[in-house]
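Enquirer: Predicted model follows, preceded by the sequence.
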Amino acid sequence: MMAIDYSNLARLDLNLLVALDALLSERSVTRAAARIGIGQSAMSHNLARLRALFGDELLTRAPDGMRPTPRALGLIDPVRVALSQIEALVSREQSFDPRTADRVFRIGLPDSVEVLIGPALLAYLCKTAPGVRLRLHSIDSSQILDNLDADRLDIAFGIGSFAEGQTHHKQRPLFTETYLCMFNAALVGLSPPISLDDYVRLPHVLTSLRPGEHGVVDDALSKLGLKRTIVLTTPRFIAVPFLVRGAPVVTTMHARLARFFAETLGLTLSPPPVELPEISISLLWHASYDHDPAHMWLRQTVGRLAVESAKDQGAA
């Protein structure tokens, strides 16, 4: 174990690390000051001391606000983790009782996951943790890691691979998902299974949280030298079944969600006539909350209910 240089450490005001974390999160002296409850001039003084301590500007002015230097970017996660560990060390709250807790948790998830898992989670909280409240945020998968780093979310559901994640991005795989085609049989004049020719011929509805008109289906079709026509793209999974019910179109979506909507709205399902890869659903969080009792309870509860819901819905 590395020896601690007590004399050097004693010269450091740990409050400066709190100020640094706020500055790197907010990237504004005014907002950082408000975040920790001090005046703007005091925060400006802290920034000057931090620049002297690290021998770096840390934050520089830019047209869109204050921009962190490369040195500052490298400090974001070590500072966050260090403060979290210090807080856990001195905190008197060594346990978390959901029956009496008064707490708000922020969860990032697409509406597809919210539809399938939200009801069971809400029912469980009303029964066992009446003082716990949830703030659900619909976010693009490309924004999840940034939101966890900025402490805007406590946990998030990730769809697909997060290979770009770093060591402080913790990930727990929950279940895998397959795909089904969904359509209004009366309007398209077909019965399952849908053929590849009909699949390519029919207009498609695509759900995508990112700009553009391209998905896993297009990748699979391109390998066969084929292309589909996408007549509508929407970022909202929950809108798709209503679009499909009212028009002669086809959509391809996660199997659990498709089964739920088909049963509810009387739509028809079919296996895709093209091979599509399975997709993984994971729970993501920042390492700074690894040992926080409340967050441990949240992860265990949400993860368990998600897996149980997947089994009930027949996921892979």
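Expert: Cool, got the structure. For clarity, every value in this text was computed on a predicted model and none was experimentally measured. Numbers count the residues shown, from 1 in each chain.
Enquirer: what's the closest non-adjacent residue to G189?
Expert: Leaving aside its sequence neighbours, G189 sits nearest to P248 (Cβ to Cβ, 6 or more residues apart in numbering; 7.8 Å). Heads up, the C-betas are built off the backbone N, CA and C, glycines and all.
Enquirer: give me the number of residues near the one you found?
Expert: Other residues within reach of P248, judged by other Cβ atoms under 10 Å, total 14.
Enquirer: from memory it sits against N184, does it?
Expert: Yes: using Cβ atoms under 8 Å, P248 is in contact with N184, at 7.3 Å.
Enquirer: Overlap in contacts, the two.
Expert: Residues touching both P248 and N184 by Cβ atoms under 8 Å, 6 or more residues apart in numbering: none at all.
Enquirer: Could you pull out the strands in the stretch 101-250 of the chain for me?
Expert: 103-108, 132-137, 155-159, 169-177, 179-183, 203-207, 229-234, 250-254 (DSSP state E, counting those that start in this stretch).
Enquirer: Residue ranges in the chain under the pLDDT threshold?
Expert: The model of the chain has pLDDT under 70 over residues 1-11, 88-94, 161-165, 211-212, 313-316.
Enquirer: Show me what the residue nearest the centre of it is bridged to.
Expert: The centroid of the chain falls nearest to A156 when counting by Cα atoms, centre = their mean (3.4 Å). Under the criterion DSSP bridges, A156 forms beta bridges with G108, L284.
Enquirer: From what I see, it and S138 are in contact.
Expert: No: the criterion here is Cβ under 8 Å, and A156 misses it with S138 at 10.7 Å.
Enquirer: In three-state terms, label R99 for me.
Expert: The three-state label given to R99 by DSSP: H, G, I helix; E, B strand; the rest coil is coil.
Enquirer: Next up, the contacts around it.
Expert: R99 sits next to 128-130 when contact means Cβ under 8 Å, 6+ apart.
Enquirer: Buried subset of the residues you listed as a PyMOL selection?
Expert: A single PyMOL command selects the buried members of those (16 or more other Cβ atoms under 10 Å):
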select buried, resi 129
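Enquirer: For the residue lying closest to L12 once chain neighbours are set aside, pull up the helix or strand it's in.
Expert: What sits nearest to L12 in space, not counting adjacent residues and going by Cβ to Cβ, 6+ apart, is L53, at 7.5 Å. Using DSSP states H and E, L53 falls within helix 40-54.
Enquirer: Show me where the protein has its helices.
Expert: For the chain, applying DSSP state H gives helices covering 6-10, 15-26, 29-36, 40-54, 70-90, 111-128, 144-149, 185-188, 196-201, 216-223, 240-245, 255-265, 293-313.
Enquirer: Tell me the helices and strands packed up against the second one.
Expert: This points to helix 15-26. Applying 3 or more Cβ pairs under 8 Å, 6 or more residues apart in numbering; DSSP states H and E, we find helix 15-26 packed against helix 29-36, helix 40-54, helix 70-90.
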